[in-house]
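[1] fold the following for me, if possible:
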Amino acid sequence: MGMGLFTLIVLVLIAKINLVEANALKVFIIASYTLVLIFIFNYKGLVDWRTGMYFAAGQGAGGYLAAHLASIYKKADVWIYRLLIVVVLVVILKSFGVFKL
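    Numbering: from 1, shown residues only. Alright, predicted model coming up:
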């Protein structure tokens with residue numbers, strides 16, 4: 001859960017890869033190991049397909065939107081960086097129980 005966001009953070013903010021290339025690389029990396037893990041966890045009966053589909057839809061939509069906007073608008077990467085920082089802060093605050101969503 002949430003590996004796409006953290007992978008994108010590392011690729012964009014730390015590795016300094018541009019957002020479009022980072023998103024493509026993120027999708028490849030995560031898809032590679034996710035396929036194997038789905039089979040393993042499903043075999044053990046540990047997959048909650050409904051929740052997984054919600055996460056997959058949100059992550060896919062966010063990745064598509066970020067890549068699409070970054071390729072069309074010159075300053076889109078600035079807004080996407082800002083959004084990325086806000087999302088990270090919300091996740092951190094929620095993880096420490098500061099608020100409930």
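[2] what is the helix or strand that A57 is a member of packed up against?
    Using DSSP states H and E, A57 maps to helix 49-72. Helix 49-72 sits against helix 3-9, helix 19-43, helix 76-95, with contacts defined as 3 or more Cβ pairs under 8 Å, 6 or more residues apart in numbering; DSSP states H and E. Bear in mind the C-beta positions are built from the backbone N, C-alpha and C, glycine included.
[3] 7 Å instead, please
    Contact here means 3 or more Cβ pairs under 7 Å, 6 or more residues apart in numbering; DSSP states H and E; on that basis helix 49-72 packs against helix 19-43, helix 76-95.
[4] and K94, what's its pLDDT?
    Confidence at K94, expressed as pLDDT, is 87.
[5] just to revisit the earlier point, could you list the buried residues of the helix holding A57?
    59, 62-63, 66-67, 69-70 (16 or more other Cβ atoms under 10 Å).
[6] Throw these into TSV and include pLDDT and distance to K44, thanks.
    Formatted as TSV, the buried residues of helix 49-72 follow (pLDDT from 0 to 100; distance: Cβ to Cβ, whole Å):
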residue	pLDDT	distance to K44
Q59	83	23
G62	85	29
G63	82	28
A66	77	33
A67	79	34
L69	78	39
A70	77	38
